[in-house]
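Chemist: what's the 3D shape of this:
(one chain, ligands or ions: 1)
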Amino acid sequence: MNILVINCGSSSLKFQVIDASTEKLLAKGLCERIGGAGSGITYENVVKGTGKIETITPLPDHKQAVSLVLQSISDPENGVVKSLDEIGAVGHRIVHGGEKFTSSVIINDEVIEAIKECSDLAPLHNPANLIGVAACQALMPGTPMVAVFDTAFHQTMPEKAYMYALPLKYYEKYRVRRYGFHGTSHSFVSKKVAEVVGKPYDSLKTIVCHLGNGASISAVNHGKCVDTSMGLTPLEGLIMGTRSGDLDPAIIEFIANKENLTTSEVVNILNKKSGVYALSGELSSDFRDLEDGYKKGNKKAQLAVDAFCYNVAKYVGAYAAAMNGVDVIAFTAGIGENSPFVREKVLAYFGYLGIDVDEAANATRGKDIRISTPDSKVAVYVIPTNEELAIARETFALCK
Ligand code: ADP
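Modeler: This is a model prediction of the structure:
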(Lines give C-alpha, C1' and ligand atoms only; values in the text may rest on other atoms or scores of the structure.)
Protein backbone atom coordinates (compact mmCIF):
# COMPACT_ATOMS: atom_id res chain seq x y z
CA MET A 1 0.00 0.00 0.00
CA ASN A 2 1.30 3.46 -0.96
CA ILE A 3 1.05 6.00 1.83
CA LEU A 4 1.18 9.76 1.37
CA VAL A 5 2.79 11.35 4.42
CA ILE A 6 1.94 15.01 5.02
CA ASN A 7 3.64 17.38 7.44
CA CYS A 8 1.75 20.64 7.10
CA GLY A 9 3.05 23.85 8.69
CA SER A 10 1.65 27.36 8.56
CA SER A 11 3.35 28.26 5.28
CA SER A 12 5.02 25.03 4.21
CA LEU A 13 4.02 21.46 3.47
CA LYS A 14 6.46 18.55 3.40
CA PHE A 15 5.38 15.28 1.81
CA GLN A 16 6.61 11.80 0.99
CA VAL A 17 5.12 8.83 -0.80
CA ILE A 18 6.21 5.57 0.79
CA ASP A 19 5.38 2.03 -0.27
CA ALA A 20 4.50 0.73 3.20
CA SER A 21 4.86 -2.94 2.26
CA THR A 22 8.51 -2.56 1.22
CA GLU A 23 9.13 0.67 3.22
CA LYS A 24 10.62 2.13 0.06
CA LEU A 25 10.58 5.89 -0.43
CA LEU A 26 9.03 6.61 -3.84
CA ALA A 27 8.83 10.41 -3.94
CA LYS A 28 9.29 13.40 -1.70
CA GLY A 29 9.02 17.14 -1.77
CA LEU A 30 8.15 20.41 -0.19
CA CYS A 31 5.76 23.30 -0.88
CA GLU A 32 7.05 26.57 0.48
CA ARG A 33 5.79 30.11 1.06
CA ILE A 34 2.16 29.01 0.79
CA GLY A 35 -0.01 32.14 0.77
CA GLY A 36 2.98 34.37 0.08
CA ALA A 37 5.11 35.71 -2.75
CA GLY A 38 7.53 33.33 -4.48
CA SER A 39 5.64 30.19 -3.52
CA GLY A 40 6.38 26.90 -5.20
CA ILE A 41 7.06 23.21 -5.00
CA THR A 42 10.20 21.10 -4.96
CA TYR A 43 9.48 17.54 -6.06
CA GLU A 44 11.65 14.47 -6.49
CA ASN A 45 10.80 11.08 -7.94
CA VAL A 46 13.26 9.01 -5.93
CA VAL A 47 12.66 5.78 -7.88
CA LYS A 48 13.35 7.40 -11.23
CA GLY A 49 16.16 9.52 -9.78
CA THR A 50 14.88 12.81 -11.17
CA GLY A 51 16.72 14.88 -8.61
CA LYS A 52 14.92 17.93 -7.23
CA ILE A 53 12.49 19.52 -9.69
CA GLU A 54 11.67 23.07 -8.60
CA THR A 55 8.58 24.90 -9.84
CA ILE A 56 7.71 28.43 -8.79
CA THR A 57 3.94 28.87 -8.97
CA PRO A 58 1.26 30.73 -7.02
CA LEU A 59 0.01 28.72 -4.05
CA PRO A 60 -2.60 31.00 -2.47
CA ASP A 61 -3.66 28.41 0.10
CA HIS A 62 -3.00 24.89 1.41
CA LYS A 63 -5.68 23.35 -0.79
CA GLN A 64 -3.78 24.58 -3.85
CA ALA A 65 -0.56 23.20 -2.36
CA VAL A 66 -2.10 19.76 -1.73
CA SER A 67 -3.62 19.84 -5.21
CA LEU A 68 -0.17 20.49 -6.70
CA VAL A 69 1.35 17.69 -4.60
CA LEU A 70 -1.31 15.28 -5.89
CA GLN A 71 -0.71 16.41 -9.48
CA SER A 72 3.04 15.95 -9.06
CA ILE A 73 2.87 12.45 -7.62
CA SER A 74 0.41 11.30 -10.33
CA ASP A 75 2.04 13.20 -13.21
CA PRO A 76 2.33 10.98 -16.33
CA GLU A 77 6.04 11.79 -16.75
CA ASN A 78 7.51 12.11 -13.27
CA GLY A 79 4.77 10.81 -11.00
CA VAL A 80 5.04 7.63 -8.90
CA VAL A 81 1.40 6.51 -9.18
CA LYS A 82 -0.82 6.20 -12.26
CA SER A 83 -3.82 7.58 -10.45
CA LEU A 84 -4.61 8.74 -6.92
CA ASP A 85 -6.50 5.48 -6.37
CA GLU A 86 -3.05 3.98 -5.85
CA ILE A 87 -2.64 6.05 -2.66
CA GLY A 88 -4.12 3.76 -0.02
CA ALA A 89 -4.02 6.19 2.90
CA VAL A 90 -2.66 9.52 4.09
CA GLY A 91 -0.68 9.92 7.31
CA HIS A 92 -0.71 13.38 8.85
CA ARG A 93 1.78 14.65 11.39
CA ILE A 94 -0.17 16.39 14.17
CA VAL A 95 1.91 18.24 16.73
CA HIS A 96 -0.24 18.24 19.86
CA GLY A 97 -2.55 15.47 20.94
CA GLY A 98 -2.87 16.69 24.54
CA GLU A 99 -3.90 13.91 26.94
CA LYS A 100 -6.58 12.68 24.56
CA PHE A 101 -4.33 10.85 22.14
CA THR A 102 -1.96 8.18 23.40
CA SER A 103 -1.50 6.64 19.95
CA SER A 104 -2.22 7.27 16.28
CA VAL A 105 -5.86 7.25 15.17
CA ILE A 106 -7.94 7.14 11.98
CA ILE A 107 -9.25 10.65 11.38
CA ASN A 108 -12.99 11.25 11.62
CA ASP A 109 -15.09 14.29 12.64
CA GLU A 110 -14.75 13.48 16.33
CA VAL A 111 -10.95 13.25 16.05
CA ILE A 112 -10.83 16.59 14.22
CA GLU A 113 -12.87 18.21 17.00
CA ALA A 114 -10.55 16.73 19.63
CA ILE A 115 -7.45 18.00 17.76
CA LYS A 116 -9.07 21.46 17.60
CA GLU A 117 -9.58 21.29 21.37
CA CYS A 118 -5.81 20.75 21.76
CA SER A 119 -5.08 23.82 19.63
CA ASP A 120 -4.64 26.23 22.53
CA LEU A 121 -1.70 24.02 23.60
CA ALA A 122 -0.07 24.42 20.14
CA PRO A 123 -1.64 27.49 18.54
CA LEU A 124 0.93 27.73 15.75
CA HIS A 125 0.97 24.06 14.81
CA ASN A 126 -2.36 22.25 15.27
CA PRO A 127 -4.47 24.66 13.16
CA ALA A 128 -1.90 24.41 10.32
CA ASN A 129 -1.87 20.59 10.62
CA LEU A 130 -5.68 20.57 10.39
CA ILE A 131 -5.66 22.77 7.29
CA GLY A 132 -3.58 20.03 5.65
CA VAL A 133 -6.11 17.39 6.74
CA ALA A 134 -9.04 19.43 5.38
CA ALA A 135 -7.28 20.05 2.05
CA CYS A 136 -6.55 16.32 1.62
CA GLN A 137 -10.10 15.35 2.58
CA ALA A 138 -11.50 17.76 -0.01
CA LEU A 139 -9.27 16.43 -2.78
CA MET A 140 -9.16 12.73 -1.84
CA PRO A 141 -12.61 11.96 -0.46
CA GLY A 142 -12.86 8.36 0.61
CA THR A 143 -9.13 7.87 1.22
CA PRO A 144 -8.52 6.97 4.88
CA MET A 145 -6.41 9.45 6.84
CA VAL A 146 -4.47 8.89 10.04
CA ALA A 147 -3.29 11.39 12.65
CA VAL A 148 0.15 10.67 14.12
CA PHE A 149 0.92 12.83 17.15
CA ASP A 150 4.29 14.25 18.28
CA THR A 151 3.11 13.97 21.88
CA ALA A 152 1.63 10.45 21.91
CA PHE A 153 4.81 8.46 22.64
CA HIS A 154 5.38 10.46 25.83
CA GLN A 155 1.93 9.76 27.27
CA THR A 156 3.37 6.81 29.23
CA MET A 157 5.28 9.20 31.52
CA PRO A 158 4.36 8.78 35.18
CA GLU A 159 2.64 11.65 37.02
CA LYS A 160 5.82 12.45 38.95
CA ALA A 161 7.55 13.20 35.64
CA TYR A 162 4.80 15.16 33.91
CA MET A 163 3.34 17.28 36.72
CA TYR A 164 4.71 20.78 37.29
CA ALA A 165 4.86 21.93 40.92
CA LEU A 166 2.16 24.54 40.35
CA PRO A 167 -1.28 24.97 41.94
CA LEU A 168 -3.18 21.85 40.88
CA LYS A 169 -6.04 23.92 39.50
CA TYR A 170 -3.92 24.83 36.47
CA TYR A 171 -3.62 21.18 35.58
CA GLU A 172 -7.25 20.51 36.39
CA LYS A 173 -8.59 23.51 34.48
CA TYR A 174 -6.13 23.84 31.60
CA ARG A 175 -4.15 20.59 31.53
CA VAL A 176 -0.89 22.44 32.18
CA ARG A 177 1.67 19.61 32.37
CA ARG A 178 4.67 18.19 30.56
CA TYR A 179 3.71 16.63 27.21
CA GLY A 180 6.99 16.39 25.29
CA PHE A 181 7.48 16.51 21.51
CA HIS A 182 9.45 14.75 18.74
CA GLY A 183 7.64 11.62 20.01
CA THR A 184 7.56 9.98 16.58
CA SER A 185 11.35 10.30 16.39
CA HIS A 186 11.99 9.15 19.98
CA SER A 187 9.74 6.14 19.36
CA PHE A 188 11.37 5.27 16.02
CA VAL A 189 14.94 5.65 17.26
CA SER A 190 14.46 3.83 20.58
CA LYS A 191 12.91 0.85 18.74
CA LYS A 192 15.52 0.92 15.99
CA VAL A 193 18.45 0.98 18.41
CA ALA A 194 17.06 -2.05 20.26
CA GLU A 195 16.87 -3.85 16.92
CA VAL A 196 20.46 -2.87 16.07
CA VAL A 197 21.70 -3.90 19.53
CA GLY A 198 19.81 -7.18 19.07
CA LYS A 199 17.95 -7.08 22.39
CA PRO A 200 14.20 -6.96 23.11
CA TYR A 201 12.86 -3.40 23.20
CA ASP A 202 11.32 -3.95 26.62
CA SER A 203 14.59 -5.14 28.15
CA LEU A 204 16.59 -1.94 27.67
CA LYS A 205 17.15 1.39 29.41
CA THR A 206 17.61 3.81 26.54
CA ILE A 207 18.30 7.53 26.32
CA VAL A 208 17.50 9.14 22.96
CA CYS A 209 19.14 12.48 22.17
CA HIS A 210 17.19 14.09 19.30
CA LEU A 211 19.50 17.00 18.54
CA GLY A 212 18.27 19.16 15.67
CA ASN A 213 17.37 22.80 15.41
CA GLY A 214 14.70 21.83 17.91
CA ALA A 215 16.22 19.40 20.40
CA SER A 216 14.90 17.06 23.06
CA ILE A 217 15.97 14.04 25.10
CA SER A 218 13.87 11.16 26.31
CA ALA A 219 14.32 8.34 28.77
CA VAL A 220 12.80 5.07 27.56
CA ASN A 221 12.70 2.45 30.28
CA HIS A 222 11.82 -1.09 29.19
CA GLY A 223 10.00 0.15 26.09
CA LYS A 224 8.09 3.01 27.74
CA CYS A 225 8.91 6.71 27.73
CA VAL A 226 9.34 7.73 31.38
CA ASP A 227 10.60 11.30 30.93
CA THR A 228 11.39 13.85 28.28
CA SER A 229 12.94 17.30 28.24
CA MET A 230 10.32 19.35 26.36
CA GLY A 231 7.29 20.44 28.34
CA LEU A 232 3.88 22.01 27.80
CA THR A 233 5.49 23.53 24.70
CA PRO A 234 8.76 22.78 22.87
CA LEU A 235 10.47 25.68 24.68
CA GLU A 236 11.54 23.71 27.76
CA GLY A 237 14.61 21.55 28.14
CA LEU A 238 17.80 21.71 26.10
CA ILE A 239 19.41 24.83 24.71
CA MET A 240 18.32 24.77 21.04
CA GLY A 241 19.01 26.62 17.79
CA THR A 242 17.01 29.69 18.78
CA ARG A 243 15.13 28.46 21.87
CA SER A 244 16.46 29.16 25.34
CA GLY A 245 15.48 25.83 26.91
CA ASP A 246 15.34 25.78 30.72
CA LEU A 247 15.66 29.03 32.65
CA ASP A 248 14.50 30.68 35.84
CA PRO A 249 10.87 31.64 35.02
CA ALA A 250 11.32 34.89 36.95
CA ILE A 251 13.61 36.08 34.14
CA ILE A 252 10.53 36.64 31.96
CA GLU A 253 9.04 39.29 34.25
CA PHE A 254 12.48 40.77 34.94
CA ILE A 255 13.26 41.35 31.25
CA ALA A 256 9.69 42.48 30.50
CA ASN A 257 9.99 45.19 33.17
CA LYS A 258 13.50 46.29 32.22
CA GLU A 259 12.84 46.41 28.47
CA ASN A 260 9.18 47.50 28.63
CA LEU A 261 8.02 44.39 26.79
CA THR A 262 4.92 42.24 27.21
CA THR A 263 5.34 38.66 28.45
CA SER A 264 4.35 37.45 24.95
CA GLU A 265 7.16 39.52 23.47
CA VAL A 266 9.66 38.06 25.92
CA VAL A 267 8.45 34.51 25.25
CA ASN A 268 8.82 35.21 21.54
CA ILE A 269 12.45 36.18 22.22
CA LEU A 270 12.92 32.96 24.20
CA ASN A 271 11.61 30.98 21.21
CA LYS A 272 13.16 32.82 18.29
CA LYS A 273 16.17 34.87 19.40
CA SER A 274 17.77 32.76 22.12
CA GLY A 275 19.58 29.41 22.26
CA VAL A 276 22.95 28.94 20.60
CA TYR A 277 22.04 31.76 18.22
CA ALA A 278 22.03 34.18 21.16
CA LEU A 279 25.01 32.68 23.00
CA SER A 280 27.11 32.86 19.82
CA GLY A 281 26.52 36.62 19.66
CA GLU A 282 23.92 36.03 16.91
CA LEU A 283 26.55 34.38 14.70
CA SER A 284 24.22 31.52 13.73
CA SER A 285 21.76 28.92 14.98
CA ASP A 286 23.33 26.36 12.66
CA PHE A 287 25.94 24.03 14.15
CA ARG A 288 27.93 23.94 10.92
CA ASP A 289 28.64 27.67 11.36
CA LEU A 290 29.17 27.32 15.10
CA GLU A 291 31.68 24.48 14.72
CA ASP A 292 33.49 26.46 12.11
CA GLY A 293 33.58 29.48 14.46
CA TYR A 294 34.68 27.25 17.33
CA LYS A 295 37.62 25.88 15.37
CA LYS A 296 38.63 29.38 14.27
CA GLY A 297 38.76 30.49 17.91
CA ASN A 298 35.54 32.54 18.03
CA LYS A 299 34.94 32.73 21.83
CA LYS A 300 31.17 33.21 21.57
CA ALA A 301 30.80 30.27 19.18
CA GLN A 302 32.86 28.22 21.65
CA LEU A 303 30.58 29.26 24.50
CA ALA A 304 27.47 28.34 22.49
CA VAL A 305 28.77 24.86 21.60
CA ASP A 306 30.18 24.19 25.07
CA ALA A 307 26.95 25.27 26.80
CA PHE A 308 24.88 23.13 24.41
CA CYS A 309 27.01 20.01 25.00
CA TYR A 310 27.11 20.57 28.77
CA ASN A 311 23.33 20.86 28.82
CA VAL A 312 22.85 17.65 26.83
CA ALA A 313 25.25 15.86 29.20
CA LYS A 314 23.32 17.12 32.26
CA TYR A 315 20.07 15.70 30.87
CA VAL A 316 21.67 12.37 29.98
CA GLY A 317 23.02 12.19 33.55
CA ALA A 318 19.59 13.03 34.98
CA TYR A 319 17.87 10.37 32.90
CA ALA A 320 20.47 7.75 33.81
CA ALA A 321 19.56 8.56 37.42
CA ALA A 322 15.81 8.48 36.65
CA MET A 323 16.12 4.93 35.24
CA ASN A 324 18.71 3.79 37.79
CA GLY A 325 21.13 3.14 34.93
CA VAL A 326 21.35 3.26 31.17
CA ASP A 327 22.20 0.54 28.63
CA VAL A 328 22.09 2.49 25.40
CA ILE A 329 22.42 6.12 24.36
CA ALA A 330 21.27 7.02 20.82
CA PHE A 331 22.06 10.24 18.95
CA THR A 332 19.76 11.38 16.16
CA ALA A 333 18.50 14.37 14.05
CA GLY A 334 20.53 17.05 12.24
CA ILE A 335 23.22 17.60 14.86
CA GLY A 336 23.03 14.16 16.50
CA GLU A 337 23.51 12.40 13.16
CA ASN A 338 26.00 14.75 11.52
CA SER A 339 28.26 16.21 14.16
CA PRO A 340 31.04 13.91 15.47
CA PHE A 341 32.38 17.07 17.15
CA VAL A 342 29.28 17.58 19.32
CA ARG A 343 28.92 13.86 20.08
CA GLU A 344 32.50 13.63 21.25
CA LYS A 345 32.12 16.71 23.44
CA VAL A 346 28.93 15.36 25.03
CA LEU A 347 30.40 11.90 25.59
CA ALA A 348 33.53 13.35 27.21
CA TYR A 349 31.33 13.91 30.30
CA PHE A 350 30.64 10.19 30.68
CA GLY A 351 33.94 8.62 31.63
CA TYR A 352 32.21 7.75 34.93
CA LEU A 353 29.63 5.70 33.01
CA GLY A 354 32.45 3.73 31.41
CA ILE A 355 31.92 5.20 27.93
CA ASP A 356 34.85 5.26 25.49
CA VAL A 357 34.35 6.75 22.03
CA ASP A 358 35.54 4.82 18.99
CA GLU A 359 36.89 7.74 16.98
CA ALA A 360 36.81 6.05 13.58
CA ALA A 361 33.19 4.95 14.08
CA ASN A 362 32.25 8.41 15.38
CA ALA A 363 33.55 9.94 12.14
CA THR A 364 31.16 7.79 10.04
CA ARG A 365 27.97 9.37 8.71
CA GLY A 366 24.50 8.44 7.52
CA LYS A 367 23.98 4.95 8.94
CA ASP A 368 23.13 3.11 12.14
CA ILE A 369 26.47 2.69 13.88
CA ARG A 370 27.91 1.99 17.30
CA ILE A 371 30.32 4.78 18.23
CA SER A 372 31.42 3.50 21.65
CA THR A 373 34.24 0.97 21.90
CA PRO A 374 33.26 -2.71 22.28
CA ASP A 375 34.26 -2.71 25.96
CA SER A 376 32.32 0.45 26.87
CA LYS A 377 29.85 -0.30 29.65
CA VAL A 378 27.15 1.77 27.93
CA ALA A 379 26.62 1.29 24.20
CA VAL A 380 26.38 4.55 22.24
CA TYR A 381 24.86 4.62 18.77
CA VAL A 382 24.08 7.04 15.98
CA ILE A 383 20.66 6.17 14.56
CA PRO A 384 19.36 8.35 11.69
CA THR A 385 15.75 9.22 12.46
CA ASN A 386 12.99 8.82 9.89
CA GLU A 387 9.78 10.43 11.12
CA GLU A 388 8.05 10.06 7.74
CA LEU A 389 8.66 6.32 7.66
CA ALA A 390 7.40 6.08 11.24
CA ILE A 391 4.22 7.95 10.21
CA ALA A 392 3.81 5.67 7.18
CA ARG A 393 4.17 2.59 9.41
CA GLU A 394 1.55 3.85 11.86
CA THR A 395 -0.80 4.73 9.00
CA PHE A 396 -0.32 1.36 7.33
CA ALA A 397 -0.92 -0.49 10.61
CA LEU A 398 -4.30 1.25 11.00
CA CYS A 399 -5.41 1.11 7.35
CA LYS A 400 -4.15 -2.15 5.85
P1 ADP B 1 14.70 20.53 12.66
O2 ADP B 1 13.97 19.31 12.12
O3 ADP B 1 14.45 20.80 14.11
O4 ADP B 1 14.59 21.74 11.80
P5 ADP B 1 17.10 19.05 11.92
O6 ADP B 1 17.02 17.78 12.65
O7 ADP B 1 16.86 19.05 10.45
O8 ADP B 1 16.24 20.18 12.63
O9 ADP B 1 18.55 19.65 12.21
C10 ADP B 1 18.97 20.83 11.60
C11 ADP B 1 20.26 21.25 12.25
O12 ADP B 1 21.24 20.21 12.16
C13 ADP B 1 20.93 22.44 11.56
O14 ADP B 1 20.40 23.66 12.02
C15 ADP B 1 22.37 22.27 11.99
O16 ADP B 1 22.54 22.90 13.26
C17 ADP B 1 22.54 20.77 12.20
N18 ADP B 1 23.37 20.14 11.16
C19 ADP B 1 23.00 19.69 9.95
N20 ADP B 1 24.05 19.18 9.28
C21 ADP B 1 25.13 19.32 10.09
C22 ADP B 1 26.54 18.99 9.99
N23 ADP B 1 27.02 18.41 8.91
N24 ADP B 1 27.32 19.29 11.04
C25 ADP B 1 26.81 19.87 12.14
N26 ADP B 1 25.53 20.20 12.30
C27 ADP B 1 24.70 19.93 11.30
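
Chemist: got a list of what Thr233 touches?
Modeler: Shown in contact with Thr233 (C-beta atoms under 8 Å, 6 or more residues apart in numbering): Leu121, Ala122. (C-beta placed from N, C-alpha, C; glycine too.)

Chemist: now it. Its backbone dihedrals?
Modeler: For Thr233, the backbone dihedrals are phi -130, psi 170 (criterion: degrees, to the nearest 10).

Chemist: do Ile41 as well
Modeler: Dihedral angles (degrees, to the nearest 10) for Ile41: phi -130, psi 140.

Chemist: burial measure for it, as a count.
Modeler: When neighbours are defined as other C-beta atoms under 10 Å, Ile41 has 22 of them.

Chemist: test my guess that it contacts Ser67.
Modeler: No: here Ile41 lies out of contact with Ser67, judged by C-beta atoms under 8 Å, at a distance of 10.6 Å.

Chemist: Ser376 against Ile355, yeah?
Modeler: Yes: shown here, Ser376 and Ile355 form a contact pair, counting by C-beta under 8 Å, at 5.1 Å.

Chemist: what parts of the stretch 251-400 of the chain come near the ligand?
Modeler: Asp286, Phe287, Arg288, Glu291, Ala333, Gly334, Ile335, Asn338, Ser339 (C-beta under 6 Å from any ligand atom).

Chemist: out of those residues, which end up buried?
Modeler: Asp286, Phe287, Glu291, Ala333, Gly334, Ile335, Asn338, Ser339 (16 or more other C-beta atoms under 10 Å).

Chemist: next one: the last one from Val305, what distance?
Modeler: Yep, that's Ser339 we're talking about. In this structure, Ser339 and Val305 are 9 Å apart, going by C-beta to C-beta, to the nearest Å.

Chemist: and Phe153, by the same measure?
Modeler: Relative to Val305, and taking C-beta to C-beta, Phe153 is found at 29 Å.

Chemist: strands of the stretch 101-250 of the chain, start to end?
Modeler: All strands of the stretch 101-250 of the chain, identified by DSSP state E, counting those that start in this stretch, fall at 105-106, 145-149, 205-211, 215-221, 224-228.

Chemist: grab the nearest non-local neighbour of the residue of the stretch 301-400 of the chain found nearest the ligand.
Modeler: Nearest to the ligand in the stretch 301-400 of the chain, going by C-beta to the nearest ligand atom, is Gly334, at a distance of 2.0 Å. Residue nearest to Gly334 in three dimensions, not counting chain neighbours: Gly212, with 4.2 Å by C-beta to C-beta, 6 or more residues apart in numbering.

Chemist: then Asp61?
Modeler: Gly35 (6.1 Å).

Chemist: does Gly91 sit in a helix, a strand or a coil?
Modeler: Three-state assignment for Gly91 (DSSP: H, G, I helix; E, B strand; the rest coil): strand.
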